[in-house]
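**Student:** need a structure here:
(chains A, B, C and D)
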There are 2 protein chains.
Amino acid sequence: MFDWISSLRQSILQFAEGQYLFHRDDPVRNMHFIQSGHVFLLRRKSNGSAVILQRASAGSVLAEASLFMASYHCDAIVQSAATVAVVGRDVVQQRFLQDPAFAKTWADHLAREIRRTRRRAEILSLRTVAERLDAWLDDGVDLPAKGQWRDIAEEIGTTPEALYRELSRRRTR
Amino acid sequence: MFDWISSLRQSILQFAEGQYLFHRDDPVRNMHFIQSGHVFLLRRKSNGSAVILQRASAGSVLAEASLFMASYHCDAIVQSAATVAVVGRDVVQQRFLQDPAFAKTWADHLAREIRRTRRRAEILSLRTVAERLDAWLDDGVDLPAKGQWRDIAEEIGTTPEALYRELSRRRTR
DNA sequence: CGTCCGCTTGACTCAGATCAAACTTGGTGG
DNA sequence: CCACCAAGTTTGATCTGAGTCAAGCGGACG
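**Tutor:** Residues are numbered from 1 along each chain as shown, chains lettered A, B, ... in the order given. Model prediction:
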């Protein structure tokens, strides 16, 4: 899955649900490559509620945008028990600067994340649940199994109830 | 504005409103650095309506995520007459692969775009205009001059009227 | 077998989208 | 200099999508 980091000195760590990989304003010391489980990147608002910035699962690099930054600008919390390959930030930096092929792979990852996030932002700027769901489905993605509908609701910026209703409306039409 | 590309062979082109810089599925031949004017990156949905993926203005790289991609996955259309520095894609690629400092600058640029877009998605997932405006202002950005309020409304995913009302509410309180 | 969680559906309410009309401002041309 | 036009702003009236609260259902799992 992460062939392209296999040559980097790394440690494989287990994290339990609820653990933090890092907090906002922590200095950036490591890069995290998610092998299994789910880790969310989120920012807490003043009123206590949280906004999810990234959902990293198997194959994702967590907070890839922080490679050349001094400190994190958000928290990373484990959503479901995760296996994570942890690599020193400076190791990755050095490799980036010395190995053009690695730099290219890294840039590809950043580019993919840009496309994904832009897409999410544009879905969120649509007005109705129906439009958002259409746009979300336009990707060629199929509707996932029942247990994950709530996640989609969150992803397209609505409540589970509103999504259930829209789906039910489509079922009967 | 684009010191970091000044050493690349480029041509400065003028584009009129309504012109296309490229279409979806076109092979990627050039990178576009916007010097003035506005260019939108958009995807047409199956029903014909369009979703805006990026608003590039002075200082933006258009479709930076496509540097290593075979073809574009969206259209680029000029919104208001624009001056664009056009550089051969392979020139940028080569420079990226040969000059680590350039690669780092490019990666920084991608990372900044990720953060910006994540932040936009974060704002759009808030429920009320008041919350969105607060979040938007949280950046330390000041409210711009009157002529640009409509753009903010679009940016935070609401209508001009709704934003005007919210602003008027704050003025009298 | 009971508990938990996600799904379903109903009822109520409200923020904001939409439509509409008036006012401000800046620019253009006579 | 002023008439005129376009675009942005302000404010009102109306309507609706969806958020919220609530009650019931069904499958998974200890």
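**Student:** could you dump the lowest-mean-pLDDT helix or strand in chain A to PDB, C-alpha only?
**Tutor:** None of the helices or strands of chain A scores lower by mean pLDDT, DSSP states H and E than strand A:50-57, at a mean of 85. Output of strand A:50-57 as PDB, limited to C-alpha atoms (Å, rounded to 0.1, in the frame of the first residue of the first chain):
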ATOM      1  CA  ALA A  50     -15.700  20.000  16.000                       C
ATOM      2  CA  VAL A  51     -15.400  20.300  12.300                       C
ATOM      3  CA  ILE A  52     -13.800  17.500  10.400                       C
ATOM      4  CA  LEU A  53     -11.100  18.600   7.900                       C
ATOM      5  CA  GLN A  54      -9.900  15.200   6.700                       C
ATOM      6  CA  ARG A  55     -10.900  11.600   7.200                       C
ATOM      7  CA  ALA A  56      -7.800   9.500   6.800                       C
ATOM      8  CA  SER A  57      -8.200   5.700   6.300                       C
END
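**Student:** next, see if that strand gets close to chain B.
**Tutor:** Yes. Applying CB under 8 Å from any CB of the partner chain, one finds that strand A:50-57 is in contact with chain B at A:51-54. C-beta here means a position set from N, CA and C on the backbone, and glycine is covered the same way.
**Student:** how about stretch A:154-166?
**Tutor:** Yes. On the criterion CB under 8 Å from any CB, stretch A:154-166 is in touch with chain B at residue A:157.
**Student:** can you tell me what sits against that stretch?
**Tutor:** A:52, A:55, A:120, A:123-124, A:129-130, A:132-133, A:136, A:149-150, A:152-153, B:124-125 (CB atoms under 8 Å, 6 or more residues apart in numbering or on different chains).
**Student:** let's see that with 7 Å instead.
**Tutor:** By CB atoms under 7 Å, 6 or more residues apart in numbering or on different chains, the surrounding residues in contact with stretch A:154-166 are A:123-124, A:129-130, A:132-133, A:136, A:149-150, A:152-153, B:124-125.
**Student:** and stretch A:42-53, which residues are buried?
**Tutor:** Within stretch A:42-53, the residues scored as buried using 16 or more other CB atoms under 10 Å in any protein chain shown are A:42-43, A:51-53.
**Student:** phi and psi next, for residue A:2.
**Tutor:** Backbone dihedrals for residue A:2, given as degrees, to the nearest 10, come out at phi -120, psi 50.
**Student:** likewise for residue A:168?
**Tutor:** The phi/psi pair for residue A:168 (degrees, to the nearest 10) reads phi -60, psi -40.
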